[in-house]
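> Got a predicted model here, sequence first, then my questions.
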Amino acid sequence: MSIEIDILNGDASWPRAKPLLEAVWRRDSAEKQPWADIEWARADLRVLLDAPDDGGLACHVGIHFRTITWNGHKVHVGGIGGVSTRADCRRRGYASLALEAAVHTIRANDAVKFAILFCEPHNFAFYQARGWHPFTGEVRCEQPSGPIIFDVMAPFVTDIVRAPRQGKIDLCGLPW
């Protein structure tokens, strides 16, 4: 039994990822979340992991590359977003494998200094167990209505070169 992992162009692979993301974040439950009205950036790349038993898409991780500012200095970062696993495929290590593949892909970009993701409290332990650290500073991002402080999800960072743990980050665009 082997696990297939693909790393594909974000826009081109959207049709394959969309049904999984819609199943994991059903509209009726997503509408009740504090992030329900947030407009999200589209992934530059997608890690797609197929389940070995049925070959269907089991897990998704979006990868974003962007130049942001940290304390007023431009920094090239990798972003992780849209981490989702099919309900019947959870607790098998698929999200860990897909996240590892995403971070490996980010590390391959020599310009990237650190990676950042945003998550809800029930996922803190998952990311911390994989070497991610809370970012305790302020994060700003763009929305159609203008710039906002992004505080509806907690930011976590991991070192590529060296990740800051505090300060002020401006995502210089939509969050992921």
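Noted; the coordinates are in hand. No experiment lies behind these values; they were computed from the predicted model shown.
> wait, is residue 66 part of a strand?
Yes - counting by DSSP: H, G, I helix; E, B strand; the rest coil, residue 66 falls inside a strand.
> Is there a neighbour count for residue 67? I'd like the number.
11 (other C-beta atoms under 10 Å). For glycine as for every other residue, the C-beta is placed from the backbone atoms N, C-alpha and C.
> quick one: it and residue 168, what's the gap?
15 Å (C-beta to C-beta, to the nearest Å).
> Same check on residue 52?
Taking C-beta to C-beta as the measure, residue 52 falls 44 Å from residue 168.
> again, but for residue 156
16 Å.
> So which of those two has more stuff around it?
For the pair residue 156 and residue 168, the greater number of neighbours falls to residue 156 (22 against 14), based on other C-beta under 10 Å.
> pLDDT score for that one?
We have a pLDDT of 98 for residue 156.
> Go ahead and confirm it touches residue 136.
No - under the contact definition of C-beta atoms under 8 Å, residue 156 does not touch residue 136, with a separation of 10.5 Å.
> Next, the residue sitting nearest the centre point of the chain: secondary structure please.
Nearest to the geometric centre of the chain sits residue 81, at 1.8 Å (C-alpha atoms, centre = their mean). Counting by three-state DSSP, the backbone at residue 81 sits in strand.
> got it, and residue 8?
Secondary structure, three-state DSSP: residue 8 is strand.
> list the buried ones in stretch 118-134?
For stretch 118-134, the neighbour count (16 or more other C-beta atoms under 10 Å) marks 118, 119, 123, 127, 132, 133 as buried.
> For stretch 141-151, what does the pLDDT average out to?
In this model, stretch 141-151 has an average pLDDT of 98.
> Could you check how far the spatially closest residue to the residue nearest to the centre of the chain that is not a sequence neighbour is from residue 93?
Closest residue in space to residue 81, ignoring its immediate chain neighbours: residue 176 at 3.4 Å, by C-beta to C-beta, 6 or more residues apart in numbering. Counting by C-beta to C-beta, the separation of residue 176 from residue 93 is 23 Å.
> Also residue 128?
Taken as C-beta to C-beta, the span from residue 128 to residue 93 is 17 Å.
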